[in-house]
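Participant: When you get a sec, could you give me coordinates for this:
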Amino acid sequence: MARKPVLAFAFVAPALLFLAATLAWPLVSAFILSLQNVRGIGTSGQWVGFENYRFILTYAAFWESAGLSLVWVLANAVVQTVLALAAALILHQKFPGVRVARTWIILTWIVPTVVVVMIWRWLFSTSGGMINPLLMQLGILDRPVGFFATPESAFATLVFINSWRWFPFIALMMLAGLSRIPTELYEAARIDGANAFKRFTRITWPLLAPTLTVLLIIGTLLSFNVFDIIWLMTQGGPAGGTRTLPILIYETAFRSYRMSEAATIAVLATILLMAFAVLATRSLARSGEER
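Facilitator: The predicted model follows:
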């Protein structure tokens, strides 16, 4: 019995070494860089200790971006969960073409980001786009609006685009969770006279909760680190209204040429995400033990 843990560790050791080489070393390098005053790539700098951390923690732009990142994560979590749950419940039903629908829904997730940006930039354009004329025909708008004209509208539009990109993947994970729920429970509930709402609240939602928790953890980590869609659509504008922490890190490093300060922000963001991942994982493990 004593050999089993050693044997198990021997099997996972190559993967751990690979993770150490690809993750741990860059993090250590970023931390060392954050303790210096390096400005450009390849330049030397003096050792300043934790001076960069003291500056960043009193830097107004850092806290503004951190707040935007928090709102970004929460907004994406709500929109993606609602869209994914609705799609999963529909695809869980039996109707002609359901297998085709399950295959086609994943296409929005596998489309390259650049293509997604080009499509939605054209659709939301005030000159030639299709969204404004459609909303005007439906009577929702009386004149064209600029979806990227104000910080609030640009932020909301990006949340929609990012959620549209990612909700099919989450929907498929939810669909897998739904398929593990025994159909006998639904049949028994129907015999007892439970309507669709009660079947959802008493059976579907509680049994799907573990899957939703895992997806919440993964979705939070992925949403927090989204850079490509935001940068390609707005580059953090207008007026910094979409400048989340990844955008701030890029601007600090490659526009302001303050590599050490950018590394400091990256280290702080990493610590925040690691703390969230550890707490969420422990909470998930406790809930699993209680069940």
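
Participant: Residue 283: neighbour count?
Facilitator: As a burial measure, residue 283 scores 12 neighbours (other C-beta atoms under 10 Å). From N, CA and C alone the C-beta is placed, and that goes for glycine too.

Participant: do the same with residue 270
Facilitator: 13.

Participant: can you pull the contacts of it?
Facilitator: 27, 30 (C-beta atoms under 8 Å, 6 or more residues apart in numbering).

Participant: let's see 7 Å
Facilitator: By C-beta atoms under 7 Å, 6 or more residues apart in numbering, the residues touching residue 270 are residue 27.

Participant: Against residue 91, how distant is it?
Facilitator: 36 Å (C-beta to C-beta, to the nearest Å).

Participant: show me the contacts for the closest residue to residue 106 other than its chain neighbours.
Facilitator: Leaving out its chain neighbours, the residue that sits closest to residue 106 by C-beta to C-beta, 6 or more residues apart in numbering is residue 168, at 5.2 Å. Taking C-beta under 7 Å, 6+ apart as the criterion, residue 168 is in contact with 105, 106, 108, 109.

Participant: Can you pick out the most distant pair from those residues?
Facilitator: 105 and 109 (8.4 Å; C-beta to C-beta).

Participant: Looking only at neighbour counts, state which of those two leads.
Facilitator: Between residue 105 and residue 109, residue 105 has the larger neighbour count (other C-beta under 10 Å), namely 20 against 16.

Participant: Quick check on the more buried one: phi, psi?
Facilitator: Main-chain torsions, residue 105, degrees, to the nearest 10: phi -70, psi -20.

Participant: Now the residue lying closest to it once chain neighbours are set aside: which helix or strand?
Facilitator: Excluding its sequence neighbours, the residue lying closest to residue 105 (C-beta to C-beta, 6+ apart) is residue 168, at 4.6 Å. Here residue 168 is covered by helix 151-179, with elements defined by DSSP states H and E.

Participant: Now do the buried residues in that helix.
Facilitator: Applying a neighbour-count criterion of 16 or more other C-beta atoms under 10 Å, one finds 151, 153-155, 157-175, 177-178 buried in helix 151-179.

Participant: so who does the residue most central in space within the chain touch?
Facilitator: Nearest to the mean C-alpha position of the chain, counting by C-alpha atoms, centre = their mean, stands residue 223 at 1.7 Å. Contacts were defined as C-beta under 7 Å, 6+ apart; by that measure residue 223 touches 72, 73, 76, 77.

Participant: Equivalent analysis for residue 41, please.
Facilitator: residue 259.

Participant: go on, residue 158?
Facilitator: Counting by C-beta under 7 Å, 6+ apart, residue 158 makes contact with 229, 230, 233, 234, 242.

Participant: Need the pLDDT of it.
Facilitator: In this model, residue 158 is scored at 96, pLDDT.

Participant: Number the residues from 559 up from this point.
Facilitator: Got it, first residue is 559 now, which makes that one residue 716.

Participant: how close does it get to residue 677?
Facilitator: In terms of C-beta to C-beta, residue 716 sits 14 Å off from residue 677.

Participant: For stretch 803-819, which residues meet the burial criterion?
Facilitator: Quick answer for stretch 803-819 (16+ other C-beta under 10 Å): 803-811, 816-819.

Participant: What is the nearest of those residues to residue 608?
Facilitator: Proximity of those to residue 608 (C-beta to C-beta) peaks at residue 818, which lies at 11.4 Å.
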